[in-house]
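S.K.: model this:
(2 chains)
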Amino acid sequence: MKAFRIISRNIRDAFYSVFRNFSLSLASISCITITLLVVAISIILSYNVNNFSSLVEKDITIVTFLNSDIDEASRNDVGTEINKMGNISSVEYQDKMDITKEMMDSSETFKNIMGNWSVEENPIQSTYLVKVKDINTIADTAKKIAKIQGVSTVKYGEGMVEQMVSIFEVVKKVTIGIVIALVVVTAFLISNTIKITITSRKREIDIMRLVGASNLNIKIPFIIEGLFLGMIGSIIPIVATIYGYVALYENFDGQLFSPFIKLIKPEPFVYTISLVLLAIGILVGMFGSWKAVRKHLKI
Amino acid sequence: MNLIKMSHVKKTYKNGVTAIHDLNLTIEKGEFVFIIGSTGCGKSTLIKMLYREEKPTSGTIMISVINVGKIRNSKIYKLRRKLGVVFQDFKLLYKKTVYENVAFALEIFGTPKDEIHTKVLKALDLVGLKHKAKNYPTELSGGEQQRVAIARSIVNGPKLLICDEPTGNLDEETSMEIMKVLEEINKIGTTIIMVTHDTEIVNRMKKRVIVLDSGRVVRDYKEGTYIHESI
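M.R.: The predicted structure follows:
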């Protein structure tokens, strides 16, 4: 009961003190708002870059061309062999007749030339379209597939794929690094701003000490105040993220510049980001207050 | 019975200045004691050690059964809850009302609301400011502000009230009003130690007077008056 009274009093006092020290609270809140906005933008960017690169990686296919004279039994054997390997996420068979038909349907010129071919004359080879789980070891997997009896050649965009994968790796690391750096800078900035606001209330802390408040008694209201500041400061970034991202998504029809670059769907993406922003705001606000008060409690 | 017993207390600051030299002093329960002396004689240091704002370099200070010099920083609040302190500059929170300023000292221990209400009004009544409970300190005169500070310091019912030049900022008439309030508090059994410069007050009150000079007790009168020449 006593603890409950102390806690409810602390929450009430923290709430009032946000308004009683309004100009300084406003300084902390605007600092949190601005930095969280930058954090929100960088998180959205980095998630989209990561999403885009993993979509591209998922799309990379090893096209396995089979020998022209292969019979059905050996063809199935090749399929089973491939499926047995590790690192395979999907295998899809495409018969040469289907490919031919698809090509003929796609253009009039193809239709004129290919329409005259008999089954034996048709130079197109049946293929297995293989997708891998780990893009980094695609070269090994492709080599293994090439060795299977009945496989004529294997293509997966050698050279270009490796280059693209390594670029994506760098981009991913850089964007994650930027987000982490921003969060740290935010924490530092916010805790400093709160420190200034608390220094101006040294008198209040001294009086609290004088009338017999324990260190914990003094810290808790300030920490709760930090929590409120963080919460209020994250409102604008959250609203901006939700409305801004949905507007961006709808404006570009879910893709940026070309159908190749797909944006992440707003739901539940924006809500996840909102929660992250709220958590950063609250934690950093509390941490900043705690650090600032601690300084004043040392004699 | 002794409330305060100081034995061989010495205080040397970090900058090498020794403010108190081998001080021995006992103060009985219920006494009203003036500590006087010229600027820099160590009187502020002496009372700061009593509420553990400063730590003695050597010697012991006992308040009741508490060895003040041995209290850890994180436990100072336990001592502060047992005594009241009043300052020259009142140390009120200007963004809180008179009532809230006094209630503040009780709220931090989680005292129930009804009890806070009763105790705050009783303390304000004692200093004659019950009717100003809803005002803010800035709306009060200096003397009234000091009375609020006194109400705050006694609301917990402390055994000891330490006053550091409580009338330093007030005119003669107001000062005597404050002294009347302090005398009332003393009558109900609270021991009072008051540091002052004010000769008029000391001469009128006829209480125990301890004179400090260069960190040493040079006079200790039972019902003393302020003799200017002695300082």
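
S.K.: Okay, now the unreliable bits of chain B?
M.R.: By pLDDT under 70, the weakly predicted segments of chain B are B:225-231.

S.K.: Might you report the residue contacts of the residue nearest to the spatial centre of it?
M.R.: The centroid of chain B falls nearest to residue B:162 when counting by Cα atoms, centre = their mean (1.5 Å). Under the criterion of Cβ atoms under 8 Å, 6 or more residues apart in numbering or on different chains, the neighbours of residue B:162 are B:47, B:50-51, B:83-86, B:193-194. Where C-beta positions appear, they are placed from N, C-alpha and C, glycine not excepted.

S.K.: what would the residues you listed look like in CSV with distance to chain A and secondary structure?
M.R.: Shown next, in CSV, are the contacts of residue B:162 (distance: Cβ to the nearest Cβ, whole Å; DSSP: H, G, I helix; E, B strand; the rest coil):
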residue, distance to chain A, secondary structure
B:47, 13, helix
B:50, 13, helix
B:51, 8, coil
B:83, 9, strand
B:84, 8, strand
B:85, 6, strand
B:86, 10, strand
B:193, 16, strand
B:194, 17, strand
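
S.K.: Between the residues you listed, identify the one with the most neighbours.
M.R.: Within those, residue B:84 tops the neighbour count with 29 neighbours, counted by other Cβ atoms under 10 Å in any protein chain shown.

S.K.: Next up, the contacts around it.
M.R.: Residue B:84 makes contacts with B:150, B:152-154, B:156, B:158, B:160-162, B:190, as judged by Cβ under 8 Å, 6+ apart.

S.K.: Spatially, which two of those are the most separated?
M.R.: Spanning the widest gap among these are B:152 and B:160, at 15.0 Å by Cβ to Cβ.

S.K.: and the two? which has more neighbours close in?
M.R.: Neighbours were tallied for residue B:152 and for residue B:160 using other Cβ under 10 Å; the higher tally belongs to residue B:152 (30 against 21).

S.K.: And that one, how close does it get to residue B:44?
M.R.: With the distance defined as Cβ to Cβ, to the nearest Å, residue B:152 ends up 21 Å from residue B:44.

S.K.: what does residue A:213 give?
M.R.: Between residue A:213 and residue B:44 the distance is 23 Å, computed by Cβ to Cβ.

S.K.: do the same with residue B:219
M.R.: Residue B:219 is 18 Å from residue B:44, where distance means Cβ to Cβ.

S.K.: for residue A:222, same thing?
M.R.: Distance of residue A:222 to residue B:44, computed by Cβ to Cβ: 29 Å.

S.K.: And for residue B:137?
M.R.: Distance of residue B:137 to residue B:44, computed by Cβ to Cβ: 24 Å.

S.K.: Averaged pLDDT, whichever helix in chain A runs longest. What do you get?
M.R.: Secondary structure of chain A per DSSP state H: the longest helix is helix A:160-199. Per-residue pLDDT values across helix A:160-199 average out to 79.

S.K.: which strands and helices sit next to the helix or strand just after that helix?
M.R.: Toward the C-terminus, helix A:160-199 is succeeded by helix A:202-210 as the next helix or strand (DSSP states H and E). With contacts defined as 3 or more Cβ pairs under 8 Å, 6 or more residues apart in numbering or on different chains; DSSP states H and E, the secondary structure elements packing on helix A:202-210 are helix A:215-233, helix A:266-297, helix B:76-80.

S.K.: Specify the angle between helix A:202-210 and helix A:160-199 in degrees.
M.R.: The directions of helix A:202-210 and helix A:160-199 differ by 70 degrees, with axes from the mean of the first three to the mean of the last three Cα atoms, to 10 degrees as the criterion.

S.K.: how far is helix A:202-210 from where the chain is centred?
M.R.: Mean-position distance between helix A:202-210 and its chain equals 45 Å (Cα atoms, centre = their mean, to the nearest Å).

S.K.: If we go by neighbour counts, what in that helix is buried?
M.R.: In terms of neighbour count (16 or more other Cβ atoms under 10 Å in any protein chain shown), helix A:202-210 has its buried residues at A:204-205, A:207-210.

S.K.: Same check on stretch B:58-69?
M.R.: B:59, B:61-63, B:66, B:68-69.

S.K.: which parts of chain A sit against chain B?
M.R.: Residues of chain A lying close to chain B (Cβ under 8 Å from any Cβ of the partner chain) are A:2-3, A:5-6, A:9, A:20-21, A:203-204, A:206-215, A:217, A:298-299.

S.K.: quick revisit: any chance of a PyMOL selection covering the buried ones in the contacts of residue B:84?
M.R.: Selecting only the buried entries of these in PyMOL, with 16+ other Cβ under 10 Å as the criterion:
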select buried, chain B and resi 150+152+153+154+156+158+160+161+162+190
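
S.K.: Among the contacts of residue B:84, which ones are in helices?
M.R.: Members of the contacts of residue B:84 lying in helices (criterion: DSSP H): B:150, B:152-154.

S.K.: now, which of these lie close to chain A?
M.R.: Cross-checking those against chain A (Cβ under 8 Å from any Cβ) gives B:152-153 as the overlapping residues.

S.K.: I'd like to know which of the ones in helices among the contacts of residue B:84 is nearest to chain A.
M.R.: Distance to chain A across the ones in helices among the contacts of residue B:84 (Cβ to the nearest Cβ) is lowest for residue B:152, with 6.7 Å.

S.K.: wait, the closest one sits on residue A:211?
M.R.: Yes: if you go by Cβ atoms under 8 Å, residue B:152 and residue A:211 touch, sitting 6.7 Å apart.

S.K.: Quick check: neighbours shared by these two?
M.R.: Once Cβ under 8 Å, 6+ apart is applied, the residues that residue B:152 and residue A:211 both contact turn out to be B:104-105.

S.K.: which non-adjacent residue is nearest the residue nearest the centre of chain A?
M.R.: For chain A, the residue lying nearest the average C-alpha position, counting by Cα atoms, centre = their mean, turns out to be residue A:47 (2.9 Å). Nearest in space to residue A:47, with sequence neighbours left out and distances taken as Cβ to Cβ, 6 or more residues apart in numbering or on different chains, is residue A:264 at 6.1 Å.

S.K.: so where does the one you found fall, helix or strand?
M.R.: Under DSSP H and E, no helix or strand contains residue A:264.

S.K.: can you check residue A:58 too?
M.R.: For residue A:58, the secondary-structure element it belongs to, assigned by DSSP H and E, is helix A:22-59.

S.K.: What residues of that helix count as buried?
M.R.: Along helix A:22-59, these residues count as buried under the neighbour rule (16+ other Cβ under 10 Å): A:24-25, A:27-29, A:31-33, A:35-37, A:39-44, A:46-53, A:56-57.

S.K.: Now the very next helix or strand once past that helix - C-alpha only, CSV.
M.R.: Moving toward the C-terminus from helix A:22-59, the next helix or strand (DSSP H and E) is strand A:61-66. Coordinates of each C-alpha in strand A:61-66 appear next as CSV, following Å, rounded to 0.1, in the frame of the first residue of the first chain:
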residue,chain,number,x,y,z
THR,A,61,18.1,-19.0,-60.3
ILE,A,62,20.5,-21.7,-61.5
VAL,A,63,19.3,-22.8,-64.9
THR,A,64,20.3,-26.4,-65.4
PHE,A,65,20.2,-27.4,-69.1
LEU,A,66,19.7,-31.1,-69.7
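
S.K.: Just checking: what are the partner strands of strand A:61-66?
M.R.: The strands that strand A:61-66 pairs with in its sheet are strand A:127-132 (antiparallel), strand A:151-155 (antiparallel) (by DSSP bridges).

S.K.: Please compute how far the longest one lies from its chain's middle.
M.R.: The chain centre lies 28 Å from the centre of strand A:127-132; the measure is Cα atoms, centre = their mean.
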